[in-house]
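**Student:** quick one, fold the following:
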Amino acid sequence: MSSLRLTQKLAQRMVLTPQLRQRIEMLQMTTMELSELIQNELVANPVLEEVFTDEEFQEFSEKILDQNADGAPEQNEVAQTVAETNVVVTQPKRRATGDYAQYTAETESIILRGNPARIEDAESGSTQGAQVTVFLRENRVVGESKAGQTNTGRSRSIYKIKKQ
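**Tutor:** Coordinates of the predicted model:
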């Protein structure tokens, strides 16, 4: 007669994936080495972008303003910038997307166009439409829509109301 047997074997093993190895290596790096690695990755990969904390952004902005206020002749200033196709504009707690963006330095404004152009503000809400104009100096957003072939001619705004 044949006998049936049931056996059970318990095994445990650890597999180091490439991501886990990279993380372990990064944990062993000094601050300088880690900073250099991050800078190299930012240069090598155009999809990556450096995001500043609110304090870092404020320091960076003040540094630029101080340089411009020193009375030195201003050279190589940007008067206007245009970007097309999958445009993303970011600021601390604010993100805008569209198919076209035009920044004008004189008025400190950004005109976004898209299907739809959209701006999301973590504190104030969001606006979307065929065209959204952001006035940076005044912290104001104007949404416009024009009836056309690719959009409905509608604007949508969602505001967050603070309770007092």
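
**Student:** tell me where this structure has helices.
**Tutor:** 18-27, 31-44, 54-69 (DSSP state H).

**Student:** could you chop this structure up by domain?
**Tutor:** Listed by automatic domain parsing, the domain ranges of the chain are 18-66, 80-159.

**Student:** what mean pLDDT would you report for stretch 142-155?
**Tutor:** Mean per-residue pLDDT for stretch 142-155: 60.

**Student:** which ones are touching Gly114?
**Tutor:** Applying C-beta atoms under 8 Å, 6 or more residues apart in numbering to Gly114 gives the contacts Val87, Thr97, Gly98, Asp99, Tyr100, Ala130. In short, each C-beta sits where N, CA and C put it, glycine included.

**Student:** make TSV from these and add neighbour count and distance to Ala44 to it.
**Tutor:** Below are these laid out as TSV (neighbours: other C-beta atoms under 10 Å; distance: C-beta to C-beta, whole Å):
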residue	neighbour count	distance to Ala44
Val87	19	23
Thr97	19	25
Gly98	26	27
Asp99	16	27
Tyr100	15	28
Ala130	23	37
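
**Student:** roughly how far apart are Tyr100 and Thr90?
**Tutor:** Going from Tyr100 to Thr90 by C-beta to C-beta, to the nearest Å gives 17 Å.

**Student:** go on, Ala101?
**Tutor:** Distance, Ala101 to Thr90, using C-beta to C-beta: 12 Å.

**Student:** more crowded one of those two?
**Tutor:** Between Ala101 and Thr90, counted using other C-beta atoms under 10 Å, the more crowded position is Ala101 (22 against 12).
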